[in-house]
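> give me a model of this one.
(2 chains)
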Amino acid sequence: MRPLRRAVLLALLLGVSGCGDPVLWDRWRAERAFWHAQREVERILVRPQVAKPADFARAEAGFRGIVEAFPASRWARATPGSTAADVATIAGRAAIALGRLEEVQSRVPEALADYERAERDWAAFPDLEMEAAVRRAAALSSSGGAAGLAAWEHVARAFPPADPVSGAPGREHVQAVRQVTDGLEGRGRIAERDSLLTAEESIGEAWLTAHPGDAAGPAWLDVMTESRARRGDQAGALASSRRALAAEFHVSGAERERRVLDLGERCLSFDRPDSALAYAHWGVSEFGGVGRLRALDLEARAFRAAGKRDSALEVYDQILNENQRRQDIAVEARYQRAVLLEEAGRWPLARAEYSALCAAAPTQPRALQAWERVVRHHRNAGEEDLARMETEHALTALDQVIGMQNDESERRRTREARVAVLFAAGRTREGIRDLQDVWASGGVTPESAALGEAAARQAETSLHDPALARSLWQILARSSPDRELQARAIAAVARLAS
Amino acid sequence: MRILEQFTLAWQALWHTLVRAWNPRLWLWTIPLLAVQLPLVLLLWYAAHPLVSWFMAPLLDRLAGPASLHYPRLFALMPGIFDRADAVIGALVGSIAFGAATPAFAAAFRGEAVSARAALARAFARAPQLVLVLLPFNLLLLGIDLFGRALGPMVAGRKIAVALPLLVTGSALAMQAAFFYAVALVMLEGYGARAALRALPSTWRPGFSAAWIVSAVTLFLLALARLPGVTPALLVERGVPELSGWLTVWHVATGLVNGFVLTGAATLLYLVAVAPERRAA
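Take a look at the predicted model:
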């Protein structure tokens, strides 16, 4: 037989016998199915409110198909780093994705069961186990109760504080500790919270001692800074923050800018405006672009916190001059100038700034807030006639913006601003009617939920209308995107029912 | 021959080739090419399947890296990998296919009966001469491509960077025009590869400009037909990676149409412009 024929025959034999790696094909099939199911999820997440049950069913079928085709009973035994381990990872991620889909559809018990199963089935793959545990803890804590706290405690205990590869603080561990300390704080168990935070700081210190000069050091110092700040140890937090800056001092560019300005922000949050100013000056003199803008903003706020309003005004002038073509930045600077002038009692100038802002950028959120501030200023000053005039002026202007606006989200924001103006003007019932219309047409947003809470309180106190207050609290208890506000609303509904 | 005449001739050649596009016998030469190109697309599409992965996986790993065996990455890379393989297919099978097309076109233009099967058989019989006569052209094209790729990063940001694609395309077109009648010399005149290459300069005076115009027009049309802007990355990102596989099939189809037009036009130009002048000389 000629060699060419022999080679062709051999190739045919090899092909027909399928002597290629079957796991490679399994991985391909798993990746393909996961990718398409994930695309379905992405499509759903673009606008979850308009997603149909069939959309969820398709995505669910995709993930379930993977879980069934590549069961943990077979694939969880795969050797790490092998092609089979890739298949296992995809199957594990599909199992977790099933839980996420249940969660999006508000089927929390089913989601919890999925996460639990994934955590158990894929325990041989630490990343999958950790992801499932974190998802489960997050789902439990979003539904309230002590189970969430316990689940986060489990994550914090079960998963290593340091990433085994990079040595940096483990993301899931840090997140879990944060959740646990939040939970303890919410329950008033401050001593326990501080004890846990101190223990975490000790882990960080021990790691830093064991790994001097390691690239992951600044990340550990960040965790320690956060922890100390939460305990109220300002000096300790600033010390670790400065150590992180010193460790990355040689680093150029955005990372160094971030460190300097974050330290300045930290000083400002600790009511140390003079220290904040020092870092802000550093940034203004040394950084360009976004870093310089951030530094100028910090400088203005630090001057303001130090009671140096004129200096703050000058800085905002500088921001305006340097960013004339950037409308969002100019609007913010102008708004802050107006607020400063108002605080300084220079109302005519503040009024002029607010007016300029509303004329120049009528659809910007700060311009919408400006209308409310003007009305509220006159009401607070007892100038009822001026307040009435400004209210009419604001309502006319906002109605014009609403009439001309084609973008649904901007229209909605303007309608919410209109409600805020009505509340500021004391026309609470009218405002509540408008707010209920806004909610009826497009659900409850975080901004309108805050307005709703204020309205419900007013309905109880100044309007003496418990039925109206209850109806508002009920909507917030059902639909508020803000979990804490939702909890307050549930409590208020229970209180008004008793 | 004056430039204007060559320009007119080029358009006439394109037109007379296109009107013969409905003659199925003139497409028979595509069979050997399709017989290699379509299985290659299938092999790439199903590279991970155990039937073929025993040789496709290591091959793709070497050609495009280990990521090429993942979904949907393979589809993002597929047209690029195919184009690289197609350069070799074109140099080997493509040369023979164009050799088969040339006598078929010649018969059609002379108004004789087209015996495409006989032309195919003749081309296979003359396969080594056909491959060899186009080998310098294929190597020069590869050289121009590599030169352009190497020079690109060096001149990035400079004014010459704008002119570089034009320079590369212009050189490739000039090269194609220089070798435009090589297959005709082998198949219609019966020259061997060496004799055909020696005879090539005699085709330039009567036919270079027309060849350059035909090449430029077909290149322009091919670039348009290959859906500029529709990139594999875009298709993957939009959620239908398999469309990138179909884009590769589309590239195959447009390549064949381009080959049809080029070979037809080259044959006609050879018959009416180059051969008479060579004979007269």
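
> got the domain boundaries for chain A?
If the domains of chain A are taken from automatic domain parsing, they occupy A:21-189, A:217-316, A:323-426, A:442-498, with pieces of a single domain joined by a plus sign.

> can I get those in CSV including mean pLDDT?
Listed next are the domains of chain A as CSV, based on pLDDT from 0 to 100:
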stretch, mean pLDDT
domain A:21-189, 88
domain A:217-316, 91
domain A:323-426, 91
domain A:442-498, 88
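
> okay if I get the ones you listed as TSV plus distance to chain B and mean neighbour count?
C-betas here are computed from N, CA, C, even on glycine. What follows is those, written out as TSV (distance: least, CB to the nearest CB, whole Å; neighbours: other CB atoms under 10 Å in any protein chain shown):
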stretch	distance to chain B	mean neighbour count
domain A:21-189	4	18
domain A:217-316	21	19
domain A:323-426	25	18
domain A:442-498	28	17
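
> tabulate those domains (a markdown table), appending distance to residue B:156.
Below are those laid out as a markdown table (distance: least, CB to CB, whole Å):
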| stretch | distance to residue B:156 |
| --- | --- |
| domain A:21-189 | 34 |
| domain A:217-316 | 22 |
| domain A:323-426 | 29 |
| domain A:442-498 | 47 |
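
> which one, of these, ends up nearest to residue B:190?
Distances from residue B:190 to each of the domains of chain A were compared by CB to CB, and the smallest falls on domain A:21-189, at 50.4 Å.

> what about the closest one, start to end distance?
One end of domain A:21-189 sits 57 Å from the other (CA to CA, to the nearest Å).

> what residue in chain B is the furthest from its centre?
Most distant residue from the mean C-alpha position of chain B: residue B:50, 32.5 Å away (CA atoms, centre = their mean).

> spit out the contact partners of residue 278.
Unless you meant another one, I'm taking chain A. Taking CB atoms under 8 Å, 6 or more residues apart in numbering or on different chains, we find residue A:278 in contact with residue A:264.

> not what I meant, chain B
Counting by CB under 8 Å, 6+ apart, residue B:278 touches B:199, B:202, B:203, B:206.

> check which helix or strand the residue nearest to residue A:337 when sequence neighbours are not counted maps to.
Of all residues not flanking residue A:337 in the chain, residue A:316 sits nearest, at 4.6 Å (CB to CB, 6 or more residues apart in numbering or on different chains). Element membership of residue A:316, judged by DSSP states H and E, is helix A:309-322.

> spell out which parts of the stretch 51-200 of chain B neighbour chain A.
Those residues of the stretch 51-200 of chain B that sit near chain A, judged by CB under 8 Å from any CB of the partner chain, are B:51, B:52, B:53, B:54, B:55, B:56, B:57, B:69, B:70, B:71, B:72.

> my read: the last one touches residue A:34, true?
No - when contacts are counted by CB atoms under 8 Å, residue B:72 is not listed as touching residue A:34 (10.6 Å).

> picking up where we left off before, quick one: which of the residues of the stretch 51-200 of chain B next to chain A is most hemmed in?
The most crowded member of these, judged by other CB atoms under 10 Å in any protein chain shown, is residue B:53 (26 neighbours).

> so it touches residue A:26, yeah?
No - contact criterion CB under 8 Å: residue B:53 and residue A:26 do not qualify, at 11.1 Å.

> identify the residue of the stretch 151-281 of chain B closest to chain A, quick one.
With CB to the nearest CB, the shortest gap between the stretch 151-281 of chain B and chain A falls at residue B:239, namely 4.8 Å.

> hang on, that residue packs against residue A:39?
Yes - at 4.8 Å, residue B:239 counts as touching residue A:39 under the criterion of CB under 8 Å.

> next, residue A:168: phi, psi?
Note on residue A:168: backbone dihedrals following degrees, to the nearest 10 are phi -70, psi 160.

> tell me how far it lies from residue A:199.
For residue A:168, the distance to residue A:199 (CB to CB, to the nearest Å) stands at 19 Å.

> low-confidence ranges in chain B?
By pLDDT under 70, the low-scoring segments of chain B are B:1.

> what distance do you get for whichever residue of it sits closest to chain A to residue B:246?
Among all residues of chain B, residue B:53 sits closest to chain A, at 3.2 Å; criterion: CB to the nearest CB. The span separating residue B:53 from residue B:246 equals 22 Å under the rule CB to CB.

> and residue A:361, by the same measure?
From residue A:361 across to residue B:246, the span is 47 Å (CB to CB).

> so who does residue 209 touch?
You didn't pick a chain, so chain A it is. Taking CB under 8 Å, 6+ apart as the definition of contact, residue A:209 has no neighbours.

> my question was about chain B
Residue B:209 makes contact with B:1, B:3, B:6, B:7, B:10, B:177, according to CB under 8 Å, 6+ apart.

> in this structure the fourth one contacts residue B:210, no?
Spelled out, it's residue B:7. Yes - at 7.3 Å, residue B:7 counts as touching residue B:210 under the criterion of CB under 8 Å.

> which one of these two is surrounded by more residues?
Regarding residue B:7 and residue B:210, a neighbour count based on other CB under 10 Å identifies residue B:210 as having more, with 30 against 13.

> so the more buried one is in contact with residue B:270, correct?
No - counting by CB under 8 Å, residue B:210 does not reach residue B:270; the two are 10.1 Å apart.

> in chain A, what residue lies closest to chain B?
Among residues of chain A, the one nearest chain B by CB to the nearest CB turns out to be residue A:20. It sits 3.2 Å away.

> what about the residue nearest to that residue when sequence neighbours are not counted, which helix or strand?
Closest residue to residue A:20 apart from its sequence neighbours, by CB to CB, 6+ apart: residue B:53 at 3.2 Å. With elements delineated by DSSP H and E, residue B:53 resides in helix B:50-64, which encompasses its position.

> only C-alpha atoms, please: export that helix in PDB.
Coordinates of the C-alpha atoms in helix B:50-64 are reproduced here as PDB (Å, rounded to 0.1, in the frame of the first residue of the first chain):
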ATOM      1  CA  PRO B  50     -13.500  13.800  19.200                       C
ATOM      2  CA  LEU B  51     -13.700  12.800  15.600                       C
ATOM      3  CA  VAL B  52     -11.300  15.500  14.600                       C
ATOM      4  CA  SER B  53      -9.900  17.000  17.900                       C
ATOM      5  CA  TRP B  54      -7.000  14.500  17.900                       C
ATOM      6  CA  PHE B  55      -5.400  16.600  15.200                       C
ATOM      7  CA  MET B  56      -7.400  19.900  15.200                       C
ATOM      8  CA  ALA B  57      -6.800  20.600  18.900                       C
ATOM      9  CA  PRO B  58      -2.900  20.600  18.800                       C
ATOM     10  CA  LEU B  59      -3.000  22.400  15.400                       C
ATOM     11  CA  LEU B  60      -5.200  25.200  16.700                       C
ATOM     12  CA  ASP B  61      -3.300  25.400  19.900                       C
ATOM     13  CA  ARG B  62      -0.100  26.000  17.900                       C
ATOM     14  CA  LEU B  63      -1.700  28.400  15.400                       C
ATOM     15  CA  ALA B  64      -3.900  30.500  17.600                       C
END
